[in-house]
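Visitor: take a look and give me a structure for this.
(chains A and B)
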Amino acid sequence: MTASQPATRTLVLGIDTGGTYTDGVLLDYHTREVIASCKSLTTRHDYAEGIGRVIEGIQIDNPAEVKMVSISTTLATNAIAEGKGARVALILIGYDKELAEAFQLHQRFGTTQYAFFAGGHTLFGEEKEPLDLQGILDYVHRVKDSVDALAVSAYFSPMNPEHELRAFEAISRICDLPIVLGHQLSTKLGSVERATTAALNASLLGMLRDFVIAVRRAMEARHIHAPLMVVRGDGTLMSEEFAARTPVETIHSGPAASAMGGRFLSRVDTALVVDVGGTTTDIALIEDGRVRVSEEGATVGNYKTCVQAANILSIALGGDSHIHIGRDQKWTIGPARVVPLAYLAHQHPAVKRRIAPLLQKGWGQIDLDQLEFWFLQREPPPGMLEKGSREAEVVALLREGPMCVTDIVRRLKLLHAGQIGAAELWRQEIIGRAGLTPTDFMHLDGIYRAWDAEMSEIAAALFCRNLGLDVKTFRDLLWQRVDEIITEVILSFLTGKKLAAPDPLHDVDMGRWFFHNSLQAAHPHLETTIRLKVPIIGIGAPAKIFLERVADIFHTELILPPYYWVANAVGAVAGSVMVSEEALVYARLSEDQSEVVGYYVQTSEGRTYYESLEEALGYARQRVRTLAWEGAVRAGAHSPQVTLEEVEDGLDTYRIRARAMGTPRLA
Amino acid sequence: MELERIDTQKAYNLIKEKIITLQLKPGAPIDEDALCAETGLTPTAVREALKWLAHDHLVDITPRHGIRVAEANPAELRELFEMRLPLETLCARMAAERATADDIVVMDALVREYERVKGAGNVDTLLDLDHRFHSALADAAHNRYMRETLERFFGLSERLWYLASPQIDWVLRALDRHAELVQAIKARDAERAAGLMHQHVLDFQALVERALGLV
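Guide: Predicted coordinates:
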């Protein structure tokens, strides 16, 4: 540090809540230098807790210098995937009930509580049939005490949202439940996706609101008074108010933020970004500085939405994937995620004392259950466990400290680990598991030495002795396996194709041969290579060891930008503030529907009518441009730039989309 | 998202509930510290909420007496009913003239919901329906000053229900009137709507006065 430090710096705080860790970085926005960082375990039962710890733990000398806080969160994605959203009643106006049931669409609506009502519009924005408002209100009265929110989606509401708006007005006079309207989330015409998106959004409202409030309180406690932003699924930022209204837009925000962080730190605008986290490895593509989004909308679990989100491929392989012996007695990696033994021993030195004496034993005398430790992560909520139940016994045991599975089995007087039955305790993160992981092997190699490397050495030695391999040989096999998995997934991501399952009896598949020959060059005369035309940006602590050889396989450069191990959190602040506005321009038909007599322009403000298409398009362009610009400024963008995008939808329908983007305004 | 505003709203709802349900008695001094301790909210939020409540006439803030729950003495009651009677009557008249089809569907739905739940005899549910019905009627008058003015009376009126220690049959008798009122509005019979509302408010006034031993 020199004496010529600038008097004022523009610091921003980025936070990423990943599957395993919540990372925080304090960044100098203009020099892109990371001033401080902090890592804490992600607390799935209440994400705000882990975030609070990061905000509390990160070194901030002068909170007044922090000009923005931004978070990416897996909250929404996980809540949807695990079905943990709030209870929602979905009101479908003008949808064809028989058709929906014939196609089993009910499984895609995102809630099991839904009902059909008359109403809706046509493709030309004309009322299809009168709205059954009375039916809707009676339904709401019946269900209002058993749901937390309502969603309303009317047929062709992007063309004419009148029925959704009338339903909103009327419902809000008979109850206080939050109401989400389909047309406010998407102008796309897929009626099922719109209904799904509205229902999912409604189910996440309370959760995201509580989350934002909790983050705000944590900021308050550290005297940070700055705008709070939330990362969208496409890597752009939205204001906290906007996020609290449209939580569904945070789907995939974590991987999107990582990609943005990689770009921001490397200053490379087109690359494949591979984020090697603790639980998963996520792959995304950035082109011209933007994360490539999936065309048809994000899919989470069984649900297809119309949310614009990063096109990502995620596999359950990361630094903390469990290396263990599978059912077939062969060693395997993942998909379960455990806490690395190096970390556990660092926190609880007694663990090492338990394991170290095993080194004296010979081959065949080591029970590998001794390498898997369970530990109490948090006290179970009162009333969760029945007194005297097996689960309560396990929790009582673990209060003494982490314990290996062998000891748990012995103490509970059981025969084998399968009898313990603690799945619910894991799921609720009451107890955690620790075991041998790639992170331990990184400690062994000295690539990463944050925790107890000696513990990793002991555990690796024991594991390998059991396999009858020396540690070095096993390590090479391990990294080779990792290379294969990641190479395959990159190929899948870019081509949309899969490697056929191997057929050991009749191996004539050329695809698989190409694949292996490109990795190992096994053929004496025929060489095959794969060449990736863009560089790979590696992110996450294990990126170096996981990706160096992968980049060689692809004959491309591996870019490890400065601070690549926390680039995910940097990505939370790297995006632009973005607000988009859309208008639909569509034909108005004559009474007898035989000719086009003019054009409607439907914007978020309402519908206007023009006689000619040119006038209509002109007005639409100008109006969405203004609305988007104003919205972006309100959301905290600094002199936003607006880009227009026009798509012809057929049937004399035009979709005009304005995106206003600007760097965050850092006062 | 402003934490202060969120907390103020929370404090407002909590304290308003206490005043309306008479956990804080009319005229009683308000102890800000105790409220903070009880609600777990900041002094700023509680103070701001008390200001909002003063605007609703549920709290009196004076330099001499500090902060008190608004009185509910005979003079106060008279003043309140002197205004409510003509305003609600006018409101019903305007609603009969201007209610849209959707307005009527909403009022109808509230009446039907009342028919559905009245058997259960839950006073809180019934009072909530009563409040919503009067709000819906005020919406149907399509005059925002009317809407705002009446909304400010609702809190005071609701407190009167509790002061009159409502017997369930009183509440039911009052709510039974709503169906007739909707009929008159549907028929666009402004005179009849006004007359019904006039009687509705007078009945309520008599009820409260009797309960408080004023007559």
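Visitor: so what's the closest residue to chain A within chain B up against?
Guide: Chain A sits closest to B:Ala109 of chain B, with a gap of 3.6 Å, by C-beta to the nearest C-beta. Using the backbone N, CA and C atoms, a C-beta is placed for each residue, glycine as well. By C-beta atoms under 8 Å, 6 or more residues apart in numbering or on different chains, the contact list for B:Ala109 reads A:Gln134, A:Leu137, A:Asp138, A:His141, A:Ala170, A:Ile174.
Visitor: and residue 200, what element?
Guide: No chain in the question, so chain A it is. helix A:191-221 (DSSP states H and E).
Visitor: not quite, go with chain B.
Guide: helix B:190-211.
Visitor: show me what that helix is packed up against.
Guide: Secondary structure elements in contact with helix B:190-211, counted by 3 or more C-beta pairs under 8 Å, 6 or more residues apart in numbering or on different chains; DSSP states H and E, are helix B:74-98, helix B:144-163, helix B:168-186.
Visitor: quick check: mean pLDDT across that helix?
Guide: If you average the pLDDT over helix B:190-211, you get 90.
Visitor: the residue of chain B closest to chain A in helix, strand or coil?
Guide: What DSSP: H, G, I helix; E, B strand; the rest coil gives for B:Ala109 is helix.
Visitor: let me see the domain layout of the chain.
Guide: Went with chain A since none was named. A:83-205, A:321-469, A:577-664 (automatic domain parsing).
Visitor: sorry, should have said chain B
Guide: Domain assignment for chain B by automatic domain parsing gives B:2-69, B:74-211.
Visitor: tell me which of those domains sits most buried.
Guide: Ranked by mean neighbour count, the domains of chain B are led by domain B:74-211 with a mean of 18 (mean count of other C-beta atoms under 10 Å in any protein chain shown).
Visitor: for stretch B:58-75, measure first residue to last.
Guide: Length of stretch B:58-75, first residue to last, C-alpha to C-alpha, to the nearest Å: 15 Å.
Visitor: so how far is stretch B:130-150 off the chain centroid?
Guide: Relative to its chain's centre, stretch B:130-150 lies at 11 Å (C-alpha atoms, centre = their mean, to the nearest Å).
Visitor: and what of stretch A:480-490?
Guide: Centroid separation between stretch A:480-490 and its chain, computed with C-alpha atoms, centre = their mean, is 22 Å.
Visitor: who's in contact with that stretch?
Guide: Identification of contacts with stretch A:480-490 by C-beta under 8 Å, 6+ apart yields A:272, A:274, A:281, A:283, A:313, A:315, A:317, A:333, A:438, A:499, A:515, A:519, A:530, A:532, A:546-547, A:549-550, A:553-554.
Visitor: kindly report the same for stretch A:559-566.
Guide: Stretch A:559-566 has contacts (C-beta under 8 Å, 6+ apart) with A:23, A:25, A:32, A:34, A:37, A:262, A:265-266, A:268, A:271, A:535-541, A:543-544, A:567, A:570.
Visitor: report the rounded mean pLDDT for that stretch.
Guide: Across stretch A:559-566, pLDDT averages out at 92.
Visitor: for stretch A:195-215, same thing?
Guide: On average, stretch A:195-215 scores 91.
Visitor: quick one on the thing from earlier: got the helices and strands packed on helix B:190-211 as CSV, with mean pLDDT columns?
Guide: Shown next, in CSV, are the helices and strands packed on helix B:190-211 (pLDDT from 0 to 100):
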stretch, mean pLDDT
helix B:74-98, 91
helix B:144-163, 85
helix B:168-186, 87
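Visitor: dump these to JSON lines, plus distance to chain A.
Guide: Below are those laid out as JSON lines (distance: least, C-beta to the nearest C-beta, whole Å):
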{"stretch": "helix B:74-98", "distance to chain A": "13"}
{"stretch": "helix B:144-163", "distance to chain A": "12"}
{"stretch": "helix B:168-186", "distance to chain A": "13"}
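Visitor: out of those helices, which gets nearest to B:Pro26?
Guide: If you check each of these against B:Pro26 by C-beta to C-beta, helix B:144-163 wins as the nearest, at 7.5 Å.
Visitor: which residue does the stretch 51-200 of chain A bring closest to chain B?
Guide: Closest point on the stretch 51-200 of chain A to chain B, by C-beta to the nearest C-beta, is A:Leu137, at 3.6 Å.
Visitor: give me the most central residue, the chain.
Guide: You didn't say which chain, so I picked chain A. Residue closest to the average C-alpha location in chain A (C-alpha atoms, centre = their mean): A:His252, at 3.4 Å.
Visitor: chain B was what I was after
Guide: Closest to where the C-alpha atoms of chain B average out (C-alpha atoms, centre = their mean) is B:Phe154, at 2.0 Å.
Visitor: any idea which helix or strand carries the nearest residue to it once chain neighbours are set aside?
Guide: In space, and not counting its chain neighbours, B:Phe154 is closest to B:His131: 5.7 Å by C-beta to C-beta, 6 or more residues apart in numbering or on different chains. For B:His131, the host element (DSSP H and E) is helix B:123-140.
Visitor: could I get the average pLDDT for that helix?
Guide: In the prediction, helix B:123-140 has an average pLDDT of 90.
Visitor: likewise for stretch A:503-511?
Guide: For stretch A:503-511, mean pLDDT is 82.
Visitor: mind saving the C-alpha coords of that stretch as PDB?
Guide: Provided in PDB are the C-alpha atoms of stretch A:503-511 (Å, rounded to 0.1, in the frame of the first residue of the first chain):
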ATOM      1  CA  ASP A 503     -22.000 -51.100 -24.000                       C
ATOM      2  CA  PRO A 504     -19.100 -53.300 -22.800                       C
ATOM      3  CA  LEU A 505     -20.300 -56.300 -24.700                       C
ATOM      4  CA  HIS A 506     -20.600 -54.700 -28.100                       C
ATOM      5  CA  ASP A 507     -18.600 -51.500 -28.200                       C
ATOM      6  CA  VAL A 508     -19.000 -50.000 -31.700                       C
ATOM      7  CA  ASP A 509     -20.100 -46.500 -30.700                       C
ATOM      8  CA  MET A 510     -17.900 -44.000 -32.500                       C
ATOM      9  CA  GLY A 511     -19.000 -41.100 -30.500                       C
END
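Visitor: next, the buried residues of stretch A:357-369.
Guide: Using 16 or more other C-beta atoms under 10 Å in any protein chain shown as the test for burial, stretch A:357-369 gives A:Leu358, A:Ile366, A:Leu368, A:Asp369.
Visitor: so what's the last one up against?
Guide: Spelled out, it's A:Asp369. Going by C-beta under 8 Å, 6+ apart, A:Asp369 touches A:Cys404, A:Val405, A:Thr406, A:Val409, A:Ala417.
Visitor: out of those residues, list just those in helices.
Guide: Using DSSP state H, A:Val405, A:Thr406, A:Val409 are the members of the contacts of A:Asp369 that sit in helices.
Visitor: for the second one, the count of nearby residues, please.
Guide: Other residues within reach of A:Thr406 by the criterion other C-beta atoms under 10 Å in any protein chain shown amount to 18.
Visitor: touching, it and A:Leu368? I think so.
Guide: No - judged on C-beta atoms under 8 Å, A:Thr406 makes no contact with A:Leu368 at a distance of 9.0 Å.
Visitor: A:Arg222 touches A:Asn62, doesn't it?
Guide: No - using C-beta under 8 Å, A:Arg222 is not in contact with A:Asn62; the gap is 11.1 Å.
Visitor: spell out which parts of chain A neighbour chain B.
Guide: Chain A comes close to chain B at residues A:133-134, A:137-138, A:141, A:166, A:169-170, A:173-174, A:209, A:212-213, A:216-217, A:220, A:228, A:240-241, A:244, as judged by C-beta under 8 Å from any C-beta of the partner chain.
Visitor: buried among the contacts of stretch A:559-566? Make that a ChimeraX selection.
Guide: Command for ChimeraX, covering only those of the contacts of stretch A:559-566 found buried under the criterion 16+ other C-beta under 10 Å:
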select /A:23,25,32,34,37,262,265,266,268,271,535,536,537,538,539,540,541,543,544,567,570
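Visitor: wait, A:Ala256 sits on A:Val230?
Guide: No - here A:Ala256 does not reach A:Val230: they are 11.6 Å apart, not a contact under C-beta under 8 Å.
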